[in-house]
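J.: Here's my sequence, what's the structure:
(chains A and B)
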Amino acid sequence: MKLPKVMLGSNPFHAVSYRSSQERKEFRRRFSNAESVYRVMERSAEGGIKGFHSYAKDMEIRAIVRLREKLGDSITVVSILPDIYGAMSRQTGADSQDKNLAKIKMLFKNMPALMSAGMTGNLSPMIDSILKSELAFIRETKPNFILLHGTLADIACVTEQKKLLLLFQDRVRDAGAVPGLTTHNLGTTYRKLRQMDVHFPVIEAPFNPQGFMMQPSVEACLKVREEASDVLFIGKKILAGGSGDPRKGLVYAYREAGVQCTVIGIGSVTEADETFGVAREVLGEEFSYEYDVKET
Amino acid sequence: MQEKLGIAIAGMGEMGMVRAVIAKGLPDYELVCVIDPRGTFARLAGKQLGVSHYSSYEKAASSQKFDALIISTPLGSHYELGMKAVRDRKHVLCEKPLAGNSSHAIEMHREATKYGVKTQVGYNWRFHVTFRRAKEILEKGALGELKYVRLMVYKSEVTKPEEKSEKKNREERFGFYGALAVHGLDLLLWFAGKPNSLCAQTTRVFSSELSDLISAVCRFDNGVHGVIDLGWSHHGFVDKDDLSIYLTGTAGSMNVNSDCIETYLEKACEGLPCGDSITYAAEIPYHTEFWFTHRGLSHEMEAFARAVLQGAHTSPSWYDGYLVDRFVETLEESGRSRKTIAPVIEESE
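T.: Here you go, the predicted structure:
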């Protein structure tokens, strides 16, 4: 599998902003349909981007499928799973405004797995059920890499849920993709993975000059990056949630932190031109480089 | 010096599980056991967290040795559980609101003082980077003498009539106050001091026991006055809880929410320039051994462990919890009577 040096992130597509409620509203308005998401993806691809991140959200999936139809196997799709709330509403088909009805339907749908979890304390059947439905949901995008969502990865690591991590890896491999994880706590998560003897070939974590979300410290994150020679790192939050300068963020991520790849969320076609233009300047010929990841 | 704080967590709902995960991630903590009267919840949590589980505090306390209790149970049990724990000389971190009743809250505070244990209440927005930084800016005198404060807390939680069971559930959880407003009121008191008098207007749009929309003018002990504007029946606030505080003094003003701090200063102070500036949350250093959610929960729990292990002061303490409970009662009383009220505030000691 090929992992590109620079990838397009998806936070703006589902209205994530670390700056203001106005920006979140603007993203919601701007990305209210798959066409608007596709336009940013298409422009990024025209600018030389080959890697695309995607959450298991309907609009992103439709846009990625369309991009796949146009560009085929020349692009790399990196999916983040599972989207628990999305999985709930997909399982129940409930109006998202009716939270109680959604909960009841979700409970009913997962009753056997829930009863098993309640009686034995074993969550695996329930997680497996969610994973299977989520993998089926994203199948059309033909994901090359599937990363475990940061919140779940962090929980699984600190509570030492080795079985769940291995289950995730197995299901991802069964789907023909390479498993990885994202984390908001690189120092702690990586230490726990080592203790549990669990290896992920790809880890995505925050790296930026401001130290934003680099936990427990900038130094600890850089040390992990240095030590983990058998892991490919994808730097995220390299613009520190939108408050950093792209050039400084890119130089820091590639030259100081030494991550192999980065992922950047982009809110418009103009921003795609500007930010990826800067990335091309910073990386030169490396901009188009793709890492070959053998593990499947 | 003791290196780790041995804790039990009571209540394995959403908040209890979050606390447990953070405790597993922070080196200051050793999670000893979890407690929940619902057998399924207790068993599931115990198994996932790799610790013993019990159906009651009494069973846990008689079987396991722990220094502190985190109370993440529904509001109705805070008083009884809190009193039992402090009498057993356990340090206690209790979720907000402390008791939803100022008589119980002050009793809890006094009992904890009598038994010499550390107490904290889960007003974790004080540990959020922007509000914590705003407090530092205020204390450094960047705004000069504080004169005016405005608190706004908007949410779109209850925007249509709901089922009877949902209403009952909301009332047991202290309505909008319990859902979010108490966080804002705690921040208000933290910034402005104790209330001296207030006049409130309250409306029950969809709830029967507590207000859905609240506005008030308020004066504080130190001469500061301000406006409170709260409600969970506002439409269109869908993406995040909208909680902001605006402060103005003799030398500048500041507007703070969870995304950023906007300042206007007459002269440069505390690394902030003269004139307009904006500082985003992402630009304020925040490091912890285990980060989980944005609201400062990790730092809140680190502060509690530090207070117990190193004998540091706890803040917000149960007395702060009492002040918020008393403030809510005064808002409701003023709204009902349509009178300006000077709340009777018990002293800490």
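J.: quick one: least confident helix or strand in chain B?
T.: Within chain B, no helix or strand scores below helix B:164-172, which has a mean of 73 by mean pLDDT, DSSP states H and E.
J.: So which residues make contact with it?
T.: Residues outside helix B:164-172 that contact it (Cβ atoms under 8 Å, 6 or more residues apart in numbering or on different chains): A:Asn100, B:Pro74, B:Leu75, B:Gly76, B:Val158, B:Glu162, B:Ala179, B:Phe206, B:Ser207, B:Ser208, B:Glu209, B:Leu210. No exception for glycine: its C-beta is placed from N, CA and C like everyone else's.
J.: buried ones in it?
T.: Residues of helix B:164-172 classed as buried: B:Lys167, B:Arg170 (neighbour count, 16 or more other Cβ atoms under 10 Å in any protein chain shown).
J.: give the contact list for the one residue sitting closest to the centre of chain B.
T.: By Cα atoms, centre = their mean, chain B has its centre lying nearest to B:Tyr123, at 1.8 Å. Applying Cβ under 8 Å, 6+ apart to B:Tyr123 gives the contacts B:Lys96, B:Val182, B:His183, B:Asp186, B:Leu187, B:Pro316, B:Asp320, B:Gly321, B:Val324.
J.: Now tabulate the contacts of helix B:164-172 in CSV and tack on secondary structure.
T.: Shown next, in CSV, are those (DSSP: H, G, I helix; E, B strand; the rest coil):
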residue, secondary structure
A:Asn100, helix
B:Pro74, coil
B:Leu75, helix
B:Gly76, helix
B:Val158, coil
B:Glu162, coil
B:Ala179, helix
B:Phe206, coil
B:Ser207, coil
B:Ser208, coil
B:Glu209, coil
B:Leu210, coil
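J.: Buried only: go through those for me.
T.: B:Leu75, B:Val158, B:Ala179, B:Phe206, B:Ser207, B:Leu210.
J.: do you know how far the last one is from B:Arg204?
T.: In this structure, B:Leu210 and B:Arg204 are 7 Å apart, going by Cβ to Cβ, to the nearest Å.
J.: and what of the first one?
T.: The spacing between B:Leu75 and B:Arg204, counted by Cβ to Cβ, is 19 Å.
J.: excluding its backbone neighbours, what's nearest B:Phe174?
T.: What sits nearest to B:Phe174 in space, not counting adjacent residues and going by Cβ to Cβ, 6 or more residues apart in numbering or on different chains, is B:Gly100, at 4.6 Å.
J.: domains in chain B, as residue ranges please.
T.: Domain segmentation of chain B under automatic domain parsing yields B:5-124, B:128-285+B:318-337.
J.: Can you classify A:Glu160 as helix, strand or coil?
T.: coil.
J.: now swap in B:Val227 and tell me
T.: Under three-state DSSP, B:Val227 comes out as strand.
J.: Now do the contacts for it.
T.: Applying Cβ under 8 Å, 6+ apart, the residues near B:Val227 are B:Val149, B:Arg150, B:Leu151, B:Ser215, B:Ala216, B:Val217, B:Cys218.
J.: tell me the pLDDT at it?
T.: Model confidence at B:Val227, given as pLDDT, is 98.
J.: mind checking the SS state of B:Glu111?
T.: The three-state assignment at B:Glu111 reads helix, by three-state DSSP.
J.: pLDDT score for it?
T.: B:Glu111 is assigned 98 on the pLDDT scale.
J.: Contacts only, for it.
T.: By Cβ under 8 Å, 6+ apart, the contact list for B:Glu111 reads B:Met83, B:Val86, B:Arg87.
J.: Closest one of these to chain A?
T.: B:Val86 (29.1 Å; Cβ to the nearest Cβ).
J.: give me the element that closest one is part of.
T.: Assigned by DSSP states H and E, B:Val86 belongs to helix B:78-87.
J.: can you check B:Gln201 too?
T.: strand B:195-203.
J.: Report the distance from that strand to the chain centre.
T.: 20 Å (Cα atoms, centre = their mean, to the nearest Å).
J.: List the buried residues for it?
T.: Under the neighbour-count criterion of 16+ other Cβ under 10 Å, strand B:195-203 has B:Pro195, B:Asn196, B:Leu198, B:Cys199, B:Ala200, B:Thr202 buried.
J.: Nearest to chain A: which residue in the stretch 151-300 of chain B?
T.: Residue nearest to chain A within the stretch 151-300 of chain B (Cβ to the nearest Cβ): B:Ala282, separated by 3.8 Å.
J.: hmm, who's touching the helix or strand hosting B:Val18?
T.: Taking DSSP H and E as the definition, one finds B:Val18 inside helix B:14-25. By Cβ under 8 Å, 6+ apart, the list of residues contacting helix B:14-25 from outside reads A:154-155, A:158-159, A:185, A:188, B:7, B:9-10, B:12, B:29, B:31, B:34, B:36, B:45, B:49, B:70, B:72-73, B:95, B:122, B:289-290, B:292-293, B:297-298, B:301.
J.: CA-only coordinates of the helix or strand just after that helix in PDB, if you can.
T.: Counting by DSSP H and E, the next helix or strand C-terminal to helix B:14-25 is strand B:29-35. Extracted in PDB, the C-alpha atoms of strand B:29-35 (Å, rounded to 0.1, in the frame of the first residue of the first chain):
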ATOM      1  CA  TYR B  29      -3.800   7.800  40.200                       C
ATOM      2  CA  GLU B  30      -4.400   4.200  41.100                       C
ATOM      3  CA  LEU B  31      -7.900   3.100  40.300                       C
ATOM      4  CA  VAL B  32      -8.800   0.700  43.100                       C
ATOM      5  CA  CYS B  33     -12.400  -0.200  42.400                       C
ATOM      6  CA  VAL B  34     -15.700   1.000  40.800                       C
ATOM      7  CA  ILE B  35     -19.100   1.200  42.400                       C
END
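J.: so where is the chain shaky, pLDDT-wise?
T.: If you meant another chain, say so; for now it's chain A. Scanning chain A for pLDDT under 70 picks out the ranges A:84-121, A:295-296.
J.: not what I meant, chain B
T.: Within chain B, the segments meeting pLDDT under 70 span B:1, B:163-164, B:238-241, B:294.
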